[in-house]
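Sequence and predicted structure are below.
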Amino acid sequence: MQRLLASLVLLALLSACATAPYEGSPRQADDHRQLKAALDASVAGWNEGDLRRHLGLYDESITFMTKQGPRPGIAPIETAFRAKYFNGDKPKQALRMEQVTIRSLSSDSALMNGRFVLSGGGEAEQSGWFSLVWLRMKDGSWKAVHDHSS
């Protein structure tokens with residue numbers, strides 16, 4: 001809970017520090033391309049049965065919001081996904097993302113929203129909405145620090 005609160009406070013501070021020159025800049029466009037590429041790689045990992053690659057967009061400090069509250073860390077997310085959405089090393093259904101939007105909160109933070117769709121595998125289609133909070137890491141890469149999918 002403290003990590004989540006700290007992340008939200010950090011986000012608020014970063015948002016307050018955002019500068020207008022960043023908006024619409026070539027750097028912002030490049031950042032958005034990097035974020036979209038990270039999401040695309042995650043989807044490809046899922047569809048290829050590489051759950052670790054799918055989870056590669058997450059920072060170790062990730063919190064994943066569930067009906068029971070936040071689930072911290074990558075390992076519990078992997079365990080839950082493997083139990084619910086995979087048969088061994090293969091996903092039960094193919095994943096795709098739709099209606100993805102990215103909003104820069106500062107030069108080092110962003111909010112991504114969109115719709116996920118799981119289809120095929122002889123099962124009913126499942127879909128819902130997601131929000132990912134992203135931070136630029138010290139090495140310049142982008143990692144999601146919070147995922148709220150429903």
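Yes, it's here. Residues are numbered from 1 along each chain as shown.

For residue 59, give me the pLDDT.
At residue 59, the pLDDT value in this model is 98.

Go over the secondary structure and confirm it is in a strand.
Yes: under DSSP: H, G, I helix; E, B strand; the rest coil, residue 59 sits within a strand.

which helix of the protein spans the most residues?
In the chain, assigned by DSSP state H, the helix with the most residues is helix 26-47.

Which parts of the protein are strands?
Along the chain, the segments classed as strands by DSSP state E run 58-66, 69-72, 86-87, 90-91, 94-106, 109-119, 126-136, 142-149.

now those as a markdown table including distance to residue 28 and mean neighbour count?
C-betas here are computed from N, CA, C, even on glycine. Shown next, in a markdown table, are the strands of the chain (distance: least, C-beta to C-beta, whole Å; neighbours: other C-beta atoms under 10 Å):
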| stretch | distance to residue 28 | mean neighbour count |
| --- | --- | --- |
| strand 58-66 | 21 | 18 |
| strand 69-72 | 29 | 15 |
| strand 86-87 | 36 | 13 |
| strand 90-91 | 33 | 16 |
| strand 94-106 | 6 | 15 |
| strand 109-119 | 9 | 18 |
| strand 126-136 | 12 | 17 |
| strand 142-149 | 13 | 20 |
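
Which of those has the lowest mean pLDDT?
When these are ranked by mean pLDDT, strand 69-72 comes last with a mean of 93.

what's it packed up against?
Applying 3 or more C-beta pairs under 8 Å, 6 or more residues apart in numbering; DSSP states H and E, we find strand 69-72 packed against helix 2-17, strand 58-66.
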